[in-house]
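**Q** take a look and give me a structure for this.
(2 chains)
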Amino acid sequence: MTLFFVAVAVYVVTVCGIGLTQYRKTRDEAGFFVAGRSLGPIVGGATLMANQVSAGTTIGIVGFHYFSGISYAWTWPLVWIGWLVAAIFVTPKMRDLAGVTLPDYFAARFGSVAGRLVAAICILVVYTVLLTAQFQAGGILFGLAGGMPEAWAVALVAAITAAYTVLGGMYGNAYVGVLKAVLLLGCYALAVPFLLRHVGGLHDIGVALHAIDPRLTSQWFSWRELIVISLAIGLGLAAAPYEISAIYAMQSRRAARLAIGWSFVFQGVIGVGAAVRAVHARGGTLSARARPRHTDAGHERAAAVPGASGAASSGGHVHTDRRRHLADGRVGRVTRHLRGVLAAWSH
Amino acid sequence: MNEQALLPASDARVDVAVDSGGVTRVLATYEVAWDAALPALQYLTARCATVDPISVSLNGARLDPVHADRAPWVGLTPPLADRHGASGDTLVVSYSVRLSATVASIPLVIPAVPLAGAATITLRLPPGDARPVLPHLVRGAAGTWTAQFRALPSAIRVDLGSHGGQRPCAETRPAGDAGTFSIRLAVFIATLVLWIPLYFWWASRQSDPT
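**A** A predicted model of the protein is given here:
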């Protein structure tokens, strides 16, 4: 529990620090709302990904995979069709307008202040509902991990988000997005091989899932259902106000197009990680190959070397003791884990 | 699994206690929150963990569930007459597991449907270098590890450390068919891997007005 609160404290300090640092960069309205139109492809891609990959992914999509198996993963490339629509049709128009918000587009497009007002009201109503779900999901996660009442956890999540957004504006949002990309990609890159190593691999997960329900390893949703779900999400993303604001914040049309590509890279890693994590949770097998204990293996190798028995009982014995001490301590555990990560990725 | 069904447990506790000989006692308690049909239970079989006869009771009255082998799972279905749970009822599942490997998984008998609430798992290990491996549990008082879960894991993997002794059991792959799981996952990953460079190639070829 202490480790959880330390991690939360470090995260809060970091994102507020990012917000404060970026606050100093902000000079005007364009700086606050669209980061002075300075974002390059990689930071822009991380921003687009961070805006899309919310609690809806880390909790919602994991939940979908948990009950429906592997087929829901196809929503990722299908949602990217919506991003293609954004890249081909939406991005050029938004960049040409040089506005700061989505309602600006409607005001300019229809030459009407009322258009701006209607767009603003729609965004307020719809995204109040969306954000409520996001904060609730974040609150569930914080509440479970931290053991705090869910209401406090929701308030904490909302306060952290409000802090770095109010302080840093789009600059803050962008660089917190980079932090989020590093954390999500790094955690999935480490966690997934660790899981696979300890549960025997993908085949074993598949056997356990298939025995529960064969649809979990094949097609739970029909292709028509998957396409409908994905287009609803993907086309919604193409015109989502928070993504439009990020598009406005890019350096150029080209930077925006490349940023979409970089967001695919980040989303791809997260999509695979979320799918494997969730199906493991549903199947969760017990057939990992038992690995020999590190110290036992080292001792056996030393004894097997011809003429080594003398050395093992004198100078060699001290060396073996030091190796055992390192192997059993924290350094040994981290080293074994990293070796396992490399071994799992190479299988 | 009927994905619309839930085990209506407002409070689920799973206590697992491992002794230095690798004998494990598991006690799971579910407090039923509203009137509903009780779901079936299930657990994953494992070569290096022998599950002794499982006791299932509702408010102290023993139920005799019907065992069904769906390898690698074993299902436990309460008799029809005993399937109704009412608010305030307590469902208790208890059994022993004998571990025969230093690093082994303790099967948990879990409901075959999601829980309505969260579950708290408490693991007690013998003093020394024994530790849980999966899922992540937080160390509490001496030899105790605990965590809360929205979904119950099917097993707790432990490393008995120096208490493992000479345990010759080597876990083997489970018998059974994985369907098209691995192929589908591979095709999905290949699609993403192909899509991305194709998109970058297209994006970089587009010309923009000056």
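
**Q** which residues touch stretch A:49-67?
**A** Here stretch A:49-67 makes contact (C-beta atoms under 8 Å, 6 or more residues apart in numbering or on different chains) with A:72-73, A:75, A:133-134, A:137-138, A:140-141, A:173, A:176-178, A:180-181, A:184, A:237, A:240, A:242-243, A:246, A:262-263, A:266-267, A:270, A:274-275, A:277-279, A:281-282, B:1, B:3, B:114, B:151. Every C-beta, even on glycine, is put in place using the N, C-alpha and C of the backbone.

**Q** quick check on those residues: which are buried?
**A** With neighbours counted using 16 or more other C-beta atoms under 10 Å in any protein chain shown, the contacts of stretch A:49-67 contain these buried positions: A:72-73, A:75, A:134, A:137-138, A:140-141, A:173, A:176-178, A:180-181, A:184, A:237, A:240, A:242-243, A:246, A:262-263, A:266-267, A:270, A:274-275, A:277-279, A:281-282, B:1, B:114, B:151.

**Q** distance-wise, check A:Val100 relative to chain B.
**A** 21 Å (C-beta to the nearest C-beta, to the nearest Å).

**Q** was I right to think that residue contacts A:Ala30?
**A** Yes: if you go by C-beta atoms under 8 Å, A:Val100 and A:Ala30 touch, sitting 6.5 Å apart.

**Q** tell me which stretches of the stretch 51-200 of chain A form helices.
**A** Secondary structure of the stretch 51-200 of chain A, counting by DSSP state H, counting those that start in this stretch: helices at A:55, A:62-68, A:75-85, A:91-97, A:102-110, A:113-146, A:150-199.

**Q** now swap in chain B and tell me
**A** Using DSSP state H, the helices of chain B run over B:181-205.

**Q** poorly predicted segments of it, please.
**A** B:1-10, B:80-82, B:165-168, B:170-175, B:210 (pLDDT under 70).

**Q** also the stretch 151-300 of chain A?
**A** A:284-300.

**Q** what residue is smack in the middle of the chain?
**A** No chain specified, so I'll use chain A. A:Leu184 (3.7 Å; C-alpha atoms, centre = their mean).

**Q** not what I meant, chain B
**A** B:Ser154 (1.3 Å).

**Q** quick check on that residue: phi, psi?
**A** Dihedral angles of B:Ser154 (phi, psi; degrees, to the nearest 10) stand at phi -80, psi -10.

**Q** the residue nearest to the centre of chain A against A:Val272, yeah?
**A** No: counting by C-beta under 8 Å, A:Leu184 stays clear of A:Val272, with 11.8 Å between them.

**Q** so what sits against both of those two?
**A** With contacts taken as C-beta under 8 Å, 6+ apart, A:Leu184 and A:Val272 have no neighbour in common.

**Q** ignoring the adjacent residues along the chain, who's closest to A:Lys25?
**A** Here the nearest residue to A:Lys25 in space, its sequence neighbours aside, is A:Tyr171; by C-beta to C-beta, 6 or more residues apart in numbering or on different chains that works out to 5.5 Å.

**Q** for that neighbour, list the residues it contacts.
**A** A:22-23, A:25-26, A:31-32, A:35-36.

**Q** let's see if you can find the most crowded of those.
**A** For these, counting by other C-beta atoms under 10 Å in any protein chain shown, the largest number of neighbours falls to A:Ala35: 29 neighbours.

**Q** tell me the pLDDT at that residue?
**A** pLDDT, A:Ala35: 88.

**Q** hmm, it is touching A:Ala174, no?
**A** Yes: if you go by C-beta under 8 Å, A:Ala35 and A:Ala174 touch, sitting 5.7 Å apart.

**Q** name the residues contacting each of these two.
**A** A:Ala249.

**Q** in the stretch 151-300 of chain A, what residue lies closest to chain B?
**A** Per C-beta to the nearest C-beta, A:Gly206 is where the stretch 151-300 of chain A lies closest to chain B, at 2.9 Å.

**Q** please look at that residue and B:Ala178 and confirm they touch.
**A** Yes: in this structure, A:Gly206 is within contact of B:Ala178 by C-beta under 8 Å, at 2.9 Å.

**Q** which residues are common contacts for those two?
**A** Common contacts of A:Gly206 and B:Ala178, defined by C-beta under 8 Å, 6+ apart, comprise A:Thr217.

**Q** between the two, which has more neighbouring residues?
**A** For A:Gly206 versus B:Ala178, the count of surrounding residues by other C-beta under 10 Å is larger for A:Gly206: 28 against 20.

**Q** give me the buried positions along the helix or strand encompassing that one.
**A** Take DSSP states H and E as the rule and A:Gly206 turns out to sit in helix A:202-212. Residues of helix A:202-212 classed as buried by neighbour count (16+ other C-beta under 10 Å): A:202, A:204-212.

**Q** hmm, the next helix or strand after it touching chain B?
**A** Downstream of helix A:202-212, the first helix or strand assigned by DSSP H and E is helix A:223-238. No: judged by C-beta under 8 Å from any C-beta of the partner chain, helix A:223-238 stays clear of chain B, getting no closer than 11.8 Å.

**Q** tell me the angle helix A:223-238 makes with helix A:75-85.
**A** Here helix A:223-238 runs at an angle of 40 degrees relative to helix A:75-85 (axes from the mean of the first three to the mean of the last three C-alpha atoms, to 10 degrees).

**Q** show residues contacting helix A:223-238.
**A** Contacts to helix A:223-238, defined as C-beta under 8 Å, 6+ apart, come from residues A:52, A:71-72, A:74-75, A:78-83, A:85-86, A:89-90, A:221, A:243.

**Q** before we move on, what about stretch A:180-192?
**A** Contacts of stretch A:180-192 (C-beta under 8 Å, 6+ apart): A:46, A:49-50, A:53, A:58, A:266, A:269-270, A:272-274, A:276-277, A:337, A:341.

**Q** and for stretch A:100-109?
**A** Residues contacting stretch A:100-109 (C-beta under 8 Å, 6+ apart): A:29-30, A:33-34, A:93-94, A:97, A:99, A:112-113, A:115-120, A:123, A:239, A:241, A:244-245, A:248.

**Q** now with 6 Å, please.
**A** For stretch A:100-109, the surrounding residues in contact (C-beta atoms under 6 Å, 6 or more residues apart in numbering or on different chains) are A:33-34, A:97, A:99, A:115-116, A:119-120, A:241, A:244.

**Q** get me the contact residues on chain B for chain A.
**A** Residues of chain B that fall close to chain A, judged by C-beta under 6 Å from any C-beta of the partner chain: B:3, B:44, B:46, B:70, B:72-73, B:101, B:103, B:105, B:133-134, B:138, B:148, B:153-155, B:157, B:170-171, B:173-174, B:176-182, B:184-185, B:188-189, B:191-192, B:195-196, B:199-200, B:203, B:208.

**Q** quick check: ChimeraX command selecting the buried ones in these.
**A** To isolate the buried members of those in ChimeraX, using 16+ other C-beta under 10 Å:
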select /B:44,46,72,73,101,103,105,133,134,138,148,153,154,155,157,171,173,174,176,178,179,180,181,182,184,185,188,191,192,195,196,199,200,203
